[in-house]
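here is my input, please return the structure:
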Amino acid sequence: MSNLSSPIFYIFITISINIVLHAHSITHWEDIQALKQFKKSVIPSSISPGSCLSTWDFNNDPCVSVSTQKFTCGIRCDIVIFNVSRVTELTLDQAGYSGSLTKSLSNLPYLQTLDITNNYFTGSIPESLAKLTRLQRLVLSSNSLNGSIPDPLPDSLQEIILDNNDLEGPIPYNVNNLKNLQRLELQGNQLSGELPELSQLSQLSFLDVSNNLISGELPARFPANLVELTLRNNSLNGNIPANLLQDSVYLQVLDLSYNNLTGTLPPELFTHRSLQQLTLAFNSFLWVETPANWGKNSELIAVDLSNNDIHGFLPGFMGWMPKLSALSLENNKFSGVIPVQYAVKAVTAEEIGDVAPFDRLLLGGNYLLGLIPGPLLRLNSGSGVMIQLGDNCLYECPESFYFCSGGVQKSLMECKTFSPVIP
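Numbering: from 1, shown residues only. You can find the predicted model right below:
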């Protein structure tokens, strides 16, 4: 019996046919067609000579010709079987292209990265992107896209960056289906509605939904692996839940500024084991609650509580927080005297024990009274410490003192009206 009928022979023939078929074109035909359609969707006048898309010459095989004169950039390919390559990355950032996102992008099934940031693409995000089951990074920032976020997005996504577009509508609740998501950036859009609880996104480490129209109260819980949370410049209201950071033990940056939040600042904010930067400026907070251990285990380096409605004495415990070097309490309703520890922390050039010095202390625009603490009088403009005490009720704080400039002291009448204990 001839060996022509043996299984080994047929396997050999199949492999040989594959090699012959792709000898001149190793990029999968479906990927080539998808790239062609994508280029057609870009307005020709926006493809300037010498730009990346201008080198896409489909008389040549894309994956073979990458880094040649005919197909120089924009894609990355990987061989998936024998000598057949599939496109795994499409990156055309900061190129000034305009047009729309064609549905043909879903015909790049091996795509892991899609990045078209800083262009002029318009229209909506194709729902067909959900077919890209291997997609890990979706970066569509700084375009002119509109409409809502596709529902659902690919489960495999690790990064979504859609900032500075014209996206509108609510954030879909089933974004929680993206179990592998590590980075979610939606800033600079017109997204509205409440922020869904995203605690099921166990891998999420970076969340930025700033500069939108998000309203309602803060969710009670956030993802456990979150490192940075930025929700600035929205319309959030209500209090900060005491257990807001209970699960997010790795959080380092929390920015809730420019919202409508109110109530008392819970002491947990100042005892969190990893939080380094706390920005709550331009809200309507009323009080600061002192933590039980006076924040002596705090990791906070910078705290900004400016432009709120916070009453009471300056939080004395902040003068003992070991790593705090930048404190802004401007434009509130603080009264009483400046704690001596604030002054000592400001004039000390090096650490005293385990307590770092202030390099920025902003207390202007309050109702602080009494004399300037003696240690501060030793400072001058060349000390390298930024201190602002203007627009208070302090005795003998002339503008000749550099830290009293930037606003004269309030009138005696205004100070008496606010606090009758001032003589």
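
which residues touch the closest residue to Leu198 other than its chain neighbours?
Nearest in space to Leu198, with sequence neighbours left out and distances taken as C-beta to C-beta, 6 or more residues apart in numbering, is Pro223 at 5.8 Å. Every C-beta, even on glycine, is put in place using the N, C-alpha and C of the backbone. By C-beta atoms under 8 Å, 6 or more residues apart in numbering, Pro223 lies in contact with 198-205, 207, 247-248.

kindly report the same for Tyr250.
The neighbours of Tyr250, taking C-beta under 8 Å, 6+ apart as the test, are 205, 224-227, 274.

do that again at 10 Å, thanks
If you count contacts by C-beta atoms under 10 Å, 6 or more residues apart in numbering, Tyr250 has them with 205, 223-228, 273-275.

where's it relative to Ser325, distance?
22 Å (C-beta to C-beta, to the nearest Å).

ok, now Glu399?
In this view, Glu399 and Ser325 are 26 Å apart by C-beta to C-beta.

can you pick out the residue with more neighbours from those two?
Ser325 (17 against 13; other C-beta atoms under 10 Å).

wait, the more buried one touches Met318, no?
No. Because the distance of 11.2 Å does not satisfy C-beta atoms under 10 Å, Ser325 is recorded as not touching Met318.

put the buried members of the contacts of Tyr250 into a ChimeraX selection.
Provided next is the ChimeraX selection string for whichever of the contacts of Tyr250 are buried by 16 or more other C-beta atoms under 10 Å:
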select :205,223,224,225,226,227,228,275
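
among the contacts of Tyr250, which lie within strands?
With DSSP state E as the criterion, strands contain Glu228 from among the contacts of Tyr250.

out of the contacts of Tyr250, which is nearest to Val84?
Each of the contacts of Tyr250 was scored against Val84 by C-beta to C-beta, and Ser205 proved nearest at 35.2 Å.

distance check, the closest residue to that closest one other than its chain neighbours against Arg86.
When the adjacent residues along the chain are set aside, Ser205 lies closest to Val227, with 4.6 Å between them (C-beta to C-beta, 6+ apart). With distances taken as C-beta to C-beta, Val227 is found 33 Å from Arg86.

go on, Asp151?
Remark: distance between Asp151 and Arg86 (C-beta to C-beta) = 27 Å.

those two: which is more packed in?
Each of Asp151 and Arg86 has its neighbours counted (other C-beta under 10 Å); Arg86 has more, 20 against 14.

can you list the weak-confidence ranges in this structure?
Residues of the chain that meet the criterion pLDDT under 70 lie in 1-25, 66-69, 349-353, 381-382, 406, 419-423.

would you map the helices across it?
With DSSP state H applied, the chain shows helices at 7-21, 29-41, 62-65, 340-347, 412-418, listed in chain order.

contacting residues around the last one?
Looking back up the chat, that one is helix 412-418. Applying C-beta under 10 Å, 6+ apart, the contact partners of helix 412-418 are 333, 335, 366-369, 392-394, 409-411, 421-423.

likewise for the third one?
Residues lying outside helix 62-65 but in contact with it, judged by C-beta under 10 Å, 6+ apart, are 22, 24-28, 31-32, 35-36, 55-59, 70-72, 74-79, 83-88.

hmm, 8 Å instead?
For helix 62-65, the surrounding residues in contact (C-beta under 8 Å, 6+ apart) are 25-27, 31-32, 35, 56-57, 71, 75, 77, 85, 87.

check the second one too.
By C-beta under 8 Å, 6+ apart, the list of residues contacting helix 29-41 from outside reads 25, 53, 56, 58, 61-62, 75, 85-87, 90, 99-102, 104-105, 107-110.

dump it to CSV, restricted to CA.
Presented in CSV, the C-alpha positions along helix 29-41 are these (Å, rounded to 0.1, in the frame of the first residue of the first chain):
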residue,chain,number,x,y,z
TRP,A,29,-6.0,37.9,5.3
GLU,A,30,-8.8,39.0,7.7
ASP,A,31,-6.3,41.3,9.5
ILE,A,32,-5.2,42.9,6.2
GLN,A,33,-8.8,43.6,5.3
ALA,A,34,-9.5,45.1,8.7
LEU,A,35,-6.5,47.4,8.5
LYS,A,36,-7.6,48.5,5.0
GLN,A,37,-11.0,49.4,6.2
PHE,A,38,-9.6,51.3,9.2
LYS,A,39,-7.4,53.4,6.9
LYS,A,40,-10.4,54.1,4.6
SER,A,41,-12.3,55.3,7.6
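
chain center to stretch 133-153: distance?
Centroid separation for stretch 133-153 versus its chain: 16 Å, with C-alpha atoms, centre = their mean, to the nearest Å.

give me the buried subset of the contacts of helix 62-65.
Applying a neighbour-count criterion of 16+ other C-beta under 10 Å, the buried members of the contacts of helix 62-65 are 25-27, 31-32, 35, 56, 71, 75, 77, 85, 87.

how about those in TSV, adding distance to Asn259?
Conversion of the buried ones among the contacts of helix 62-65 to TSV gives the following (distance: C-beta to C-beta, whole Å):
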residue	distance to Asn259
Ser25	55
Ile26	53
Thr27	49
Asp31	45
Ile32	49
Leu35	43
Trp56	45
Phe71	48
Ile75	41
Cys77	45
Ser85	49
Val87	42
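
that's all I had, so thanks and see you.
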